[in-house]
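Student: My questions are about this predicted structure, shown below with the sequence.
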Amino acid sequence: MGISSWRVLTGEDDEFAAPTAIAQCAWVSQLRPLIAELSKPGDLVFDPFAGWGTTLIACAAEGRRGIGVEISPSRVEQARERLAGHPDQTMLCGDARTPPVAADSIDLVLTDLPYFGTALDAGSDADGTLYALREYKDYLGALDEVFAALATVLRPGGIAVVCAQNRRIADRFVPLAWDTARVLGQHLTLGDERVHLYDKAASGSDPLVTNRAHEYVLLATRN
C-alpha cells in the first residue's frame, strides 16, 4: 500500500469488523499498512497493549506471527475468542512493564497506548492498568517502564511503532503524544513520525475544540 506520512482513516474493512461488544478498538485497516511496510512475512510482531487482539488480526491478514499482552483477564478471553481461527497468533495475560516475551525476539512492536485521562476500565478486573492512573507523572513513569521493557524484547535493528494522541481533558491540554515521544526516545532511537487523521464531529462552544482528530504514529529503532 506504500509509505504515506499522512493517512485519512475512514473506517474498518467489513471483513475485520470487531464484535459489537467491543467498545474501544483500533481498526485492522489502520494497522495492516504499517505491518506490511515495516516487517517481512514470518516476522514476529508484538503488541504490549493488545486489548481485544486487533493487532493480531492484522498480523494474520499480513502473514506475520503476532504476540499480544493484555492486563485484563476478561479482555484476554474475548480476544482469544476473536482469534480462534488464527492459531499462529498468541494472546497472553500479563503486564506490559514485565512482558512474558524473550529478549531480542521481536521484529516489530506495534501498539496503541491506553490513553491517560479516560474513564475506561474504571471497574477493571486487573490491578496495574494504566487507565487507572490519575496523576500524569505516574502515567509517564509507567510508560517509561514499558518502553524500557520493549527495548529488551526488541531485536537489534527492530522497529517500535507507538500510536498516541494529544489529549484535551476538561479545560486542559495534555501533550500526551509529544511526551510519549520524549519518553520513548530515552530507550530507543526515534526515527520518524506519521499522522493518522480521523473525522470527528465538532461539539461544544469551546473554540479550541475542532472537528478533526489526529493521532501521531511514532517510529523508533533499537540500535
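Tutor: Here it is on my side, so go on. Residues are numbered from 1 along each chain as shown.
Student: List the residues that contact T10.
Tutor: By Cβ atoms under 8 Å, 6 or more residues apart in numbering, the contact list for T10 reads D199. No exception for glycine: its C-beta is placed from N, CA and C like everyone else's.
Student: how close does it sit to W27?
Tutor: Separation of T10 from W27 (Cβ to Cβ, to the nearest Å) stands at 10 Å.
Student: what's the answer for R194, then?
Tutor: 15 Å.
Student: how deep is D171 tucked in, by neighbour count?
Tutor: 7 (other Cβ atoms under 10 Å).
Student: just the strands in this structure please.
Tutor: Per DSSP state E, the chain carries strands over the ranges 6-9, 44-47, 65-70, 89-93, 106-112, 154-164, 167-169, 172-174, 189-199, 212-221.
Student: low pLDDT regions in the protein?
Tutor: Residue ranges of the chain with pLDDT under 70: 1-3, 16, 18-25, 119-126, 201-212.
Student: Do I have it right that N166 meets R172?
Tutor: No - taking contacts as Cβ atoms under 8 Å, N166 lies outside contact range of R172: 11.2 Å.
Student: Which one's more surrounded, the two?
Tutor: N166 (17 against 9).
Student: What's the separation between the closest residue to W178 other than its chain neighbours and C93?
Tutor: Leaving aside its sequence neighbours, W178 sits nearest to N166 (Cβ to Cβ, 6 or more residues apart in numbering; 6.8 Å). Distance from N166 to C93, counting by Cβ to Cβ: 30 Å.
Student: got the angle between the longest helix seen in the chain and strand 65-70?
Tutor: Taking DSSP state H as the criterion, the chain has its longest helix at helix 136-153. If you take axes from the mean of the first three to the mean of the last three Cα atoms, to 10 degrees, helix 136-153 sits at 150 degrees to strand 65-70.
Student: wait, V183 sits on L140?
Tutor: Yes - counting by Cβ under 8 Å, V183 does reach L140; the two are 6.0 Å apart.
Student: just how off-centre is stretch 129-139 within its chain?
Tutor: 16 Å (Cα atoms, centre = their mean, to the nearest Å).
Student: Okay, now it: how far is its last residue from its first?
Tutor: 10 Å (Cα to Cα, to the nearest Å).
Student: so who does H196 touch?
Tutor: H196 neighbours (Cβ under 8 Å, 6+ apart): 7-9, 30, 163, 214-215, 217.
Student: run the last query once more with 7 Å
Tutor: 7, 9, 30, 214-215, 217 (Cβ atoms under 7 Å, 6 or more residues apart in numbering).
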